[in-house]
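Asker: I would like the atomic coordinates for the input below:
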Amino acid sequence: MTNHVQSLGATGLRVVTFVAVASGIYLTARFVFEPLLTVVLDRGGVEITLRRTIEQVVHVGVLLLGLYAALTLSGFGESINITGPFLAAVTLAVGFAARDVVNNLVSGVFIIADPRFKIGDWIEWNDTTGVIDDITFRTTRVRTFDNEIVSVPNSELATSAVTNSVEENRLRITSEFWISYDDEVTAATTILREEAKALEEILDRPAPTAGVMEVNDSRVRIQSRIWIGDPSRRDFVRIRSLYLSRVKERFQEEDVRMPPAW
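Answerer: Numbers count the residues shown, from 1 in each chain. You can find the predicted model right below:
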C-alpha cells in the first residue's frame, strides 16, 4: 500500500513538473520571445511572406522544445518504453495518414520560396479569384470577391495553373463585352479606351487596350484590359464596377447594342 501511494505521488510530481515546464516555456515564448522576434523582423524590413514563415517555424520549434524539455525534466522520457515492432507499426500508420500533410508541407516550402508568390498578390486558379491573405506550410488562405476566406491546400496550388495578375504593384482587370454583329467595332473599342482614360484610378502605363476576341454570326466579343496601381479587393470591385457602368452608358448613348447572352 505504501509503495502504491509513493508510486502515485511520484507520478503526480512528474505530471506537475511536465505541465509546469511545458507551460513555462510556451508562455515565455508566446508573450516574450515571439513578440520580440516580430519587432526585430519588422524593423529589419523582412518581406511579410518570409516573416510569417519564420514566425511559424519558430512557433513550431518552441512547441517541440517545450515538449522535449518537459518530458526530460519530468522523467517521463525515461519511463516511456516502446518496442521496436510497435514503433515501426506506429511509424507506418502515421506515414500513411500523413501523406497529404507531407505533400502540402513540401508544396508550401516551394510556394514560400517563390518570390513571385507573396501575401497580398492577386491570383486566379481553377476558376477562382482572390487575394492571398496568408501562407502556411499546409494551406494558403485566399480572400475572394465575396470576402470569404478559402483555405487552399498547398498541393493544389503547386499542381494547378495559377495566374498572378499583379505585376510591379499593378493589377490587370480584364472585361469582356458582346456587341451586335452590325455595330461598328472601332466605335466600341474606342469607347472602351476613352472611358478607361477618363478614370483617374486607371493607369496610363500600361495603356488601356481593347480588341476583338471572337466573331460569330450574330455577335462580336470584345475584350478590354486596364491596370490599377496598389491593388486591393475594395479598389478592384469599386473601379471595375464604375468602369463597366460608364461603358454601358456610353454604349447606350452611341447606340452600340449589347445582345443578351443565350
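
Asker: from here on, contacts and neighbour counts on C-alpha atoms
Answerer: OK.

Asker: Extract the residue ranges of the protein that are flagged as low pLDDT.
Answerer: Scanning the chain for pLDDT under 70 picks out 1-10, 47, 49-50, 76-106, 116, 166-168, 230-233, 261-262.

Asker: Domain ranges for it, per the record?
Answerer: Per automatic domain parsing, the domain ranges recorded for the chain read 2-81, 82-164, 169-253.

Asker: Look up how far L37 lies from G44.
Answerer: Distance of G44 to L37, computed by Cα to Cα, to the nearest Å: 10 Å.

Asker: ok, now which ones touch A22?
Answerer: Counting by Cα atoms under 8 Å, 6 or more residues apart in numbering, A22 touches 66-67, 69-70.

Asker: Ok, A69 next?
Answerer: Listed by Cα under 8 Å, 6+ apart, the contact partners of A69 are 21-22.

Asker: Can you pull the phi/psi pair for it?
Answerer: Reported as degrees, to the nearest 10, the phi and psi values for A69 are phi -60, psi -40.

Asker: Renumber starting at 18 from here on
Answerer: OK, 18 is where the count begins now, so the last one is A86.

Asker: Roughly how far does it sit from S168?
Answerer: Relative to S168, A86 is positioned 33 Å away (Cα to Cα).

Asker: Show me where the stretch 168-279 of the chain has its helices.
Answerer: Ranges of helices in the stretch 168-279 of the chain, per DSSP state H, counting those that start in this stretch, are 171-176, 202-215, 250-270.

Asker: Show me what the longest one is packed up against.
Answerer: It stands for helix 250-270. For helix 250-270, the packing partners by 3 or more Cα pairs under 8 Å, 6 or more residues apart in numbering; DSSP states H and E come out as helix 202-215.

Asker: Strands of the stretch 68-217 of the chain, start to end?
Answerer: Ranges of strands in the stretch 68-217 of the chain, per DSSP state E, counting those that start in this stretch, are 139-142, 145-152, 156-161, 166-170, 180-181, 183-184, 187-197.

Asker: Highest mean neighbour count out of those?
Answerer: Counting by mean count of other Cα atoms under 10 Å, strand 156-161 has the highest mean neighbour count of those, with a mean of 21.

Asker: Packing partners of that one?
Answerer: Against strand 156-161 (3+ Cα pairs under 8 Å, 6+ apart) you get strand 145-152, strand 166-170.

Asker: Compute the inter-axis angle for the first one and strand 156-161.
Answerer: When you say that, I think you mean strand 145-152. For strand 145-152 against strand 156-161, the angle by axes from the mean of the first three to the mean of the last three Cα atoms, to 10 degrees is 130 degrees.

Asker: hey, C-alpha coordinates of strand 145-152 in PDB?
Answerer: The C-alpha coordinates for strand 145-152 follow below in PDB (Å, rounded to 0.1, in the frame of the first residue of the first chain):
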ATOM      1  CA  THR A 145     -11.400  31.000 -58.500                       C
ATOM      2  CA  THR A 146     -10.000  34.500 -57.900                       C
ATOM      3  CA  GLY A 147      -8.800  36.200 -54.800                       C
ATOM      4  CA  VAL A 148      -6.000  37.900 -52.800                       C
ATOM      5  CA  ILE A 149      -3.500  35.800 -50.800                       C
ATOM      6  CA  ASP A 150      -4.200  36.500 -47.200                       C
ATOM      7  CA  ASP A 151      -1.700  34.200 -45.500                       C
ATOM      8  CA  ILE A 152       0.600  31.300 -46.500                       C
END
